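**Q** Got a predicted structure here, sequence first:
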Amino acid sequence: MGSPTRVRKAAPGAAPQVQTRVTALGATTQRADTSRQLSSADEFSALTTTDTPLSTPYPLSELVAIFDKSNILRQCVAAMVTNVAMYGWGIEAASADTPVAAAEVQELQSFIDHANSEESLTTVHAKIVTDFETIGFAFVEVVRDARQRVAILRHAPATTVRLLPKHPEAVAVSYDVARGRRVSRVREIRRFRRYLQIMGGERVYFKEFGDPRPLHYQTGEFVPGLAPEWQATELIHFRQTGDDPYGVPRWVSQLPAILGSREAEEVNLRYFEDNTVPPMILTVAGGRLTGQSYRELTEMLQKQGIGKDRQHRILLIEAVPERDSLDDKGSVTLKVDKLMDARPSDGLFSQYDDANRHKVRSAFRLPPILIGASEDHTYASANISSFIAETQVFAPQRAFFDEIFNKRLVNHPQGLGLVSVALVSRSPTITNPEALIKSLTALNVMGAVTPRTAVQYANQVLQIELPPYPAPGDDGYQPWMDEPMALALKNSRSERTQNEQQQKTPAIKDVEAEGEVGFTPPEHGQE
């Protein structure tokens with residue numbers, strides 16, 4: 001077994017080198033730097049049923065139906081989409097050691113603005129997060145041009161895509177990895193996966209992103225030398241962390257609570273529609289209803305509408321007394337008893353539903369204020385809730401998506417191949433402006449704030465548009481713009497004092513010179 005081959009460190013801006021070749025399955029033991037792990041459980045079925053899609057952990061149609069009927073899931077997913085995806089993307093340096101290339105910034109910005117002909121990358125990302133939180137996994141399609149360069153990105157509806165077992169044919173992938181002062185050539189043996197989309201009886205195959213082999217998009221077969229018009233596009237698979245190859249939604253453990261809340265609401269709905277408990281009851285003593293009254297009462301209760309349709313109706317009831325003989329006049333009594341005490345004053349199972357909503361919200365780890373469930377919060381409690389949600393939920397989730405986009409697309413040699421820049425998700429500003437102003441004031445006293453940084457923080461936190469100072473080298477630039485404000489003010493005072501002294505000094509010299517030339521001291525005894 002050989003050690004990893006060391007190569008010279010690549011020059012800044014150069015794309016990492018990647019080589020691929022098809023190799024025998026037993027080649028995984030030929031090198032010391034090759035992983036020995038088994039990838040997943042579907043490896044065993046991949047040797048015999050490579051064209052049979054893997055079953056999803058839960059029927060996707062039922063998951064979508066549950067999501068549509070739930071009274072809490074849509075709010076939780078919307079909160080995740082808004083805070084994870086809808087703030088957009090920014091560009092940052094990929095490494096502190098590599099200078100940012102302007103051409104790479106421009107190329108990456110073009111993908112942010114125009115991921116495809118109809119959508120920006122923010123819109124595509126929002127659809128990805130929606131699928132990711134709703135059913136546990138999502139896909140984005142990577143389309144290449146005739147020169148095999150990444151051209152556009154499109155969202156692929158996760159409900160229509162199925163995973164095929166990993167292909168038994170192994171592919172050796174070699175690439176350069178920077179390890180401090182050296183760059184090592186790492187070699188991996190991988191089995192790539194294919195994907196199948198079924199819609200309206202049509203079948204389309206996709207290949208996993210990074211698979212170098214040409215795949216026929218109609219037959220699902222790898223064909224060497226396949227024409228570009230028949231080659232399948234690639235998919236990047238986003239999935240919730242777990243053992244299932246697809247991914248399981250984070251709320252699936254709360255299915256009993258979600259279904260229970262739905263049943264409770266339907267019980268309440270049927271109660272209002274059917275008017276289950278009547279508002280009053282009529283009793284007859286010492287006689288009986290006439291045949292006409294009995295028929296009208298029966299018709300009203302059974303045939304003439306239910307629930308609200310029979311409310312506020314007036315019914316005339318007539319009764320005749322029971323007689324023992326012909327001259328027995330008898331008496332009949334009609335009594336109406338109200339049943340308002342037997343009717344609940346509010347909806348049924350309200351506490352049960354509140355507890356279920358709390359359970360589902362805890363699965364997403366969201367505070368009540370983010371889904372509109374809190375009405376008694378203060379500014380301080382709202383600010384703390386937003387801060388905790390940002391640091392514990394949204395920021396880590398954005399970092400998760402950032403890593404996938406950068407590792408598999410932006411900085412991947414078979415993706416955009418950019419080496420100096422990377423994508424970074426933008427985040428909301430949850431800092432109190434008053435606290436920020438106090439902090440900037442304290443930092444300014446210590447000499448840590450420059451006029452340029454003050455303008456940047458003001459635009460970011462206060463949501464205003466102060467014009468930026470000219471950059472170094474541009475017209476109007478002055479050094480004080482990038483100097484600490486305390487130092488700039490001190491230098492300004494020193495220059496002003498020095499200028500004033502310079503303006504006074506010539507006047508004094510002129511007076512002295514004038515006295516030396518035009519003044520004659522008086523002689524002794526003369527005034």
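**A** Sure thing, it's come through.
**Q** what number of residues lie near Arg147?
**A** Burial of Arg147 is recorded as 7 neighbouring residues (other Cβ atoms under 10 Å). Yep, even glycine has a C-beta here, placed from its N, CA and C like the rest.
**Q** now it, what's its secondary structure?
**A** Of the three states, Arg147 takes coil under DSSP: H, G, I helix; E, B strand; the rest coil.
**Q** Look up how far Glu229 lies from it.
**A** Note on Arg147: its distance to Glu229, by Cβ to Cβ, to the nearest Å, is 14 Å.
**Q** One more: Asn383?
**A** 56 Å.
**Q** For Pro53, see how far away Trp480 is.
**A** 66 Å.
**Q** How about Gln397?
**A** Gln397 is 28 Å from Pro53, by Cβ to Cβ.
**Q** Same check on Glu141?
**A** Glu141 is 18 Å from Pro53, by Cβ to Cβ.
**Q** next one: Tyr205
**A** 11 Å.
**Q** Please apply the same query to Leu289.
**A** Counting by Cβ to Cβ - Leu289 and Pro53 are separated by 67 Å.
**Q** Glu434 sits in which helix or strand?
**A** Element membership for Glu434, per DSSP states H and E: helix 433-445.
**Q** now that helix: mean pLDDT?
**A** For helix 433-445, mean pLDDT rounds to 75.
**Q** Report the buried residues of it.
**A** 436, 440, 443-444 (16 or more other Cβ atoms under 10 Å).
**Q** Find the nearest non-adjacent residue to Gln240, please.
**A** Using Cβ to Cβ, 6 or more residues apart in numbering and skipping the chain neighbours, the partner closest in space to Gln240 is Gly247 (4.1 Å).
**Q** Report the contact partners of that neighbour.
**A** 132, 135-137, 238-241 (Cβ atoms under 8 Å, 6 or more residues apart in numbering).
**Q** Of all residues in the chain, which one is nearest the centre?
**A** Compute the mean C-alpha point of the chain, and by Cα atoms, centre = their mean the closest residue is Val84, 2.6 Å away.
**Q** Stretch 420-429 spans what distance, first to last residue?
**A** 27 Å (Cα to Cα, to the nearest Å).
**Q** brain fart, stretch 456-471
**A** 13 Å.
**Q** Am I right that Asn423 sits in a strand?
**A** One thing to correct before we go on: residue 423 is Leu, not Asn. Yes - counting by three-state DSSP, Leu423 falls inside a strand.
**Q** Could I get the full set of helices for the stretch 51-200 of the chain?
**A** 60-69, 73-84, 102-113, 121-134 (DSSP state H, counting those that start in this stretch).
**Q** and what of the stretch 301-450 of the chain?
**A** Counting by DSSP H, counting those that start in this stretch, the helices of the stretch 301-450 of the chain are 350-364, 379-389, 395-405, 433-445.
**Q** Out of those helices, which is closest to Glu299?
**A** helix 350-364 (35.3 Å; Cβ to Cβ).
**Q** Counting by contacts, list what the closest one packs against.
**A** helix 73-84, helix 255-274 (3 or more Cβ pairs under 8 Å, 6 or more residues apart in numbering; DSSP states H and E).
**Q** circling back to that earlier point, give me the common contacts of Tyr205 and Pro53.
**A** Joint contacts of Tyr205 and Pro53 (Cβ under 8 Å, 6+ apart) are Leu196.
**Q** the more surrounded of these two?
**A** Tyr205 (19 against 15).
**Q** Helix, strand or coil: sort out that one for me.
**A** Tyr205 is classified as strand under three-state DSSP.
**Q** Below-threshold pLDDT in the stretch 51-200 of the chain: ranges please.
**A** For the stretch 51-200 of the chain, no stretch has pLDDT under 70.
**Q** State the phi and psi torsions of Pro168.
**A** Per-residue torsions, Pro168: phi -70, psi -20 (degrees, to the nearest 10).
**Q** my guess is it contacts Arg191, does it?
**A** Yes - using Cβ atoms under 8 Å, Pro168 makes contact with Arg191 at a distance of 6.9 Å.
**Q** okay, the two: which has more neighbours?
**A** For Pro168 and Arg191, the more surrounded residue by other Cβ under 10 Å is Arg191, and the numbers stand at 18 against 12.
**Q** Would you check that the more buried one makes contact with Glu169?
**A** Yes - applying Cβ under 8 Å as the test, Arg191 and Glu169 come out as touching, 7.4 Å apart.
**Q** Near the residue nearest to Tyr271 when sequence neighbours are not counted, how many other residues are there?
**A** Excluding the flanking residues, the one nearest Tyr271 by Cβ to Cβ, 6+ apart is Leu348, at 6.7 Å. The local packing of Leu348 (other Cβ under 10 Å) involves 13 other residues.
**Q** who's in contact with Leu348?
**A** With Cβ under 8 Å, 6+ apart, Leu348 has these contacts: 264, 267-268, 271.
**Q** Please tell me how far the residue lying closest to Val449 once chain neighbours are set aside sits from Trp251.
**A** Nearest non-adjacent residue to Val449, counting by Cβ to Cβ, 6+ apart: Leu443, 5.0 Å away. As judged by Cβ to Cβ, Leu443 and Trp251 stand 43 Å apart.
**Q** tally of neighbours for His125?
**A** With other Cβ under 10 Å as criterion, His125 counts 29.
**Q** One more: Lys69?
**A** Lys69 has 15 nearby residues by other Cβ under 10 Å.
**Q** which one is it nearest to, not counting chain neighbours?
**A** Closest to Lys69 by Cβ to Cβ, 6+ apart is Arg262, at 5.4 Å.
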